[in-house]
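A predicted structure for the sequence below; I have some questions about it.
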Amino acid sequence: MIDRFFSYVVDRIQQFIDGLQIDTSRASLGVWIAVINVAIVLLLVGGISISAIGSLRDLADQQGKSRVQLAGAMAREDIRRFSEDALRDAKSVADRQTLQRLLADRRSTTIGPYLRRSCNSETIASCAVFEGGRLVAQAGVQLPWDLIATTAAEQGERFMATPTGSQYALLGASAQIGGATERRLYVARPLDPKMAQILTDRVGTQVRLINYRLFNEERKGDDDFTRLHSAGLSDGSSAVVRLDELDLYAASFPIFAVSGEAIAFLEARLPSSDIDASVGGLAKRLLVTALILAALAVLAGIVLGRQVTGPVTTLTDAVEKLGQGDFSTSIPVGGTREVGKLGRTIEDMRNNLIELTGTLRRREAEAQAVLDGIVEGVYAVDKSRVIRYLNPQAAQLLGVQAHEAIGRFCGDVLKPCRDSNGMRPCDTDCPILRARHEGSSQATERLQLSDGAPRTTIITSSGPVDELQVQVIRDETELEGVRRARDSVLVNISHEFRTPLAAQLASIELLRDGFDTMTTDQQKELVLSLERGALRLTRLIDNLLESVRIESGQLSIRHQPVALAEVVEDSEALVGALLTQRRQRLEVNLPEDLPNIDGDGPRLTQVFVNLLANASKFAPEDSIVRIGAEQAGEFVTSWVEDEGPGVPEIEGNSIFDRFYRSGGQEPEPGGLGLGLWIVKSIVERHGGTIATRRTAEGRTRFEVKLRQTAE
């Protein structure tokens, strides 16, 4: 359907052109060129000017809406601050000893004058004192205080209301007087024209405050502002519109109480003439500039058109450009019969060349799109194995720029790892050379790329075509890494779990065989041995899983305020059995005013569990393990100390390396060597540091430095 319509339109245009019956031979080529230039320049200048002016008006309209919406948002934020100030002032008045004494003396006649002097600020227009649910005294504007007290009971210390009988909505606050729950001070501020003027002065745009209840009761018809406020209420946030009839930009912001009840509308207005005036000035300057440029362009076209010497010169220039490969310049067919025939013949040849070139370019573009769209990298080499083509995927995989790789020997770009004899696969087992004899070949090669990280790849090579060979390279480094991680975990599990499991089985067998003959102490000893083995297996499993998360990049840290005392308490509960078995005592010394830490509570508990388990393991029996902390600037430094002998590598921090073991100095069977490595990884992901040293008292201390929570 669309093709038929397009063909119909083209035929109609062609018929219109043919019906014009323009005899180009009656005027010189220079005149026709000048006329064409004038038409093109006028069309371009006119189109650009119209489009630019339309864009300017759209931008100005967006700016006007943004300005009035920003002003409304600022005014609504000011109302929120008025509410906070009202609460602060209410609490200040309620805490005064004078008011409490007047209430205690039952001097209600003097409370009113006192309130008139005390409740007099920009945020308070009226106030009242209630005792036992009964109004004692009030000052300022007369308000339905019983309804206000009911509303405050629903909404809390800060409230907003639209009481019946009041022309304006209210914002206010309440506070207990002297801490007595039966005595409360209520303050209120009407959202009246005075408040609207204050907001207007602050935001620099006219602001109106409309009582929602009166808006619902009194609205008649469906005018522009009614629709605007209804749209703002439906959106729940705001609505903005341009009112051309009123020459205004207007925005509506519904104001809700904490209970979700609509209280008022905040209406911001901005005269659209302020925006239109600047747009009009810009449009005038644009039109003047466009006319000047158009005049200059027309003059230039006429001057250039007159410089054309005739059809022969034009034809000669066109043929010369055609011979140089420029197919965009049309061949003129005017002039004498012979020149016209020659021009038509050359034009036919040019059209054929354009069609052929277009076909070749389309095919090249299709091939390029296929090469750019596939996931694998593709590169082509010549008979000397010099790279002649490299698609973006291959360039990204190899870490090079395509223009840098083209023209270089493929082995120098791919950099395959050498074998045990120091030979490169390029010299001994190149898939490109094999494919020349076998038709195709595939090889797995490890490449040493420019970033220093080896990559495992599979290279598939095709046979040569027109002295070019195409290779497909696929990166399997991540898959190979997954296999290695899986094998590493299986080896660690099979090696490290065998000893504690064998010990538990032995304890179970002894308990089963001697259940009737063993004493209670002997049975308790076997049960404690089972518990110790279960705790050790649990810690090994947790460390293994955590190491896999860290290595795969899945360890995420949540940042929230964390109390160090709670972390230490949770850690003690998890490792308390280990301390009890070795008759060790935990001594905790944390300052009461220690600030919170910015971090992840469960992760930090895991840090102290590993540090306490490590301290219990290396400290002698019947010794003391100590935990302490102190504040140092923006950081909190905590430590775990034990009375063990330490290890020689303590100063070099190699004990934090993955799978590190102390080489036979451990008092019990070694673990996986992951605990301190996991501790270091979690602390560094918190943006902190960990270090270890020997203290002057001969103790081994692990210090963790973490940033405290920002105030």
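Right, received. Where do you want to start? Numbering: from 1, shown residues only.

contacts and neighbour counts: CA atoms only from here.
Noted.

which SS state does Gly411 fall under?
Under DSSP: H, G, I helix; E, B strand; the rest coil, Gly411 falls in the helix class.

that one contacts Asp427, correct?
No. Using Cα atoms under 8 Å as the test, Gly411 is too far from Asp427 to be in contact (9.4 Å).

tell me which of the two has more neighbours.
Taking other Cα atoms under 10 Å, Gly411 and Asp427 do not tie; Gly411 has more neighbours (17 against 9).

excluding sequence neighbours, find me the nearest residue to that one.
Cys426 (6.3 Å; Cα to Cα, 6 or more residues apart in numbering).

just the C-alpha atoms of the strand or helix carrying that neighbour, please, in CSV.
Cys426 is located in helix 425-428, with elements delineated by DSSP states H and E. The C-alpha trace of helix 425-428 is given here as CSV (Å, rounded to 0.1, in the frame of the first residue of the first chain):
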residue,chain,number,x,y,z
PRO,A,425,52.5,-21.8,18.6
CYS,A,426,53.1,-19.5,15.6
ASP,A,427,56.3,-21.5,14.9
THR,A,428,55.1,-25.0,15.8
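
what is the lengthiest helix in the chain packed up against?
In the chain, with assignment by DSSP state H, the single longest helix is helix 29-94. On a contact count with 3 or more Cα pairs under 8 Å, 6 or more residues apart in numbering; DSSP states H and E, helix 29-94 meets strand 158-161, strand 170-177, strand 180-190, helix 193-203, strand 239-243, strand 248-256, strand 262-271, helix 272-306.

confirm Ala691 sits in a strand?
Yes. Applying three-state DSSP, one finds Ala691 inside a strand.

next up, the contacts around Ala86.
123-124, 172-173, 187-188 (Cα atoms under 8 Å, 6 or more residues apart in numbering).

which one of those is nearest Asn421?
Nearest to Asn421, judged by Cα to Cα, of the contacts of Ala86 is Ala173 at 85.5 Å.

I'd say the closest one and Ala161 touch.
No. Counting by Cα under 8 Å, Ala173 does not reach Ala161; the two are 10.9 Å apart.

what about Tyr114, distance to Ser126?
Per Cα to Cα, to the nearest Å, Tyr114 is found 12 Å from Ser126.

the two - which one has more neighbours?
Set Tyr114 next to Ser126 and count neighbours by other Cα under 10 Å: Ser126 wins out with 22 against 16.

check Pro591 and give its pLDDT.
Looking at Pro591, its pLDDT is 90.

pLDDT score for Tyr546?
Residue 546: Glu, not Tyr. Looking at Glu546, the pLDDT reads 61.

er, Val370 I mean
pLDDT at Val370 comes out at 60.

Leu171 too?
For Leu171, the predicted pLDDT is 90.

quick check: which ranges of the stretch 351-500 of the chain have low pLDDT?
364-375, 420, 450-453, 476-500 (pLDDT under 70).

can you check the stretch 51-200 of the chain too?
Using pLDDT under 70, the stretch 51-200 of the chain drops low at 107-108.

quick revisit: reformat the helices and strands packed on helix 29-94 as a markdown table; add mean neighbour count.
A markdown table is the format used below for the helices and strands packed on helix 29-94 (neighbours: other Cα atoms under 10 Å):
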| stretch | mean neighbour count |
| --- | --- |
| strand 158-161 | 26 |
| strand 170-177 | 25 |
| strand 180-190 | 22 |
| helix 193-203 | 17 |
| strand 239-243 | 20 |
| strand 248-256 | 26 |
| strand 262-271 | 24 |
| helix 272-306 | 16 |
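
how is this structure partitioned into domains?
Domain ranges of the chain: 25-307, 309-373, 375-473, 483-549, 556-707, per automatic domain parsing.

how far away is Ala125 from Pro193?
13 Å.

before we move on, what about Glu347?
For Glu347, the distance to Pro193 (Cα to Cα) stands at 79 Å.

Val413 too?
77 Å.

one more: Gln560?
44 Å.

could you do Asp244 as well?
Taking Cα to Cα, one finds Asp244 at 25 Å from Pro193.

same check on Asp570?
Counting by Cα to Cα - Asp570 and Pro193 are separated by 58 Å.

now swap in Gly280 and tell me
In terms of Cα to Cα, Gly280 sits 34 Å off from Pro193.

cool, Gly179 as well?
As judged by Cα to Cα, Gly179 and Pro193 stand 35 Å apart.

got it, and Arg685?
55 Å.
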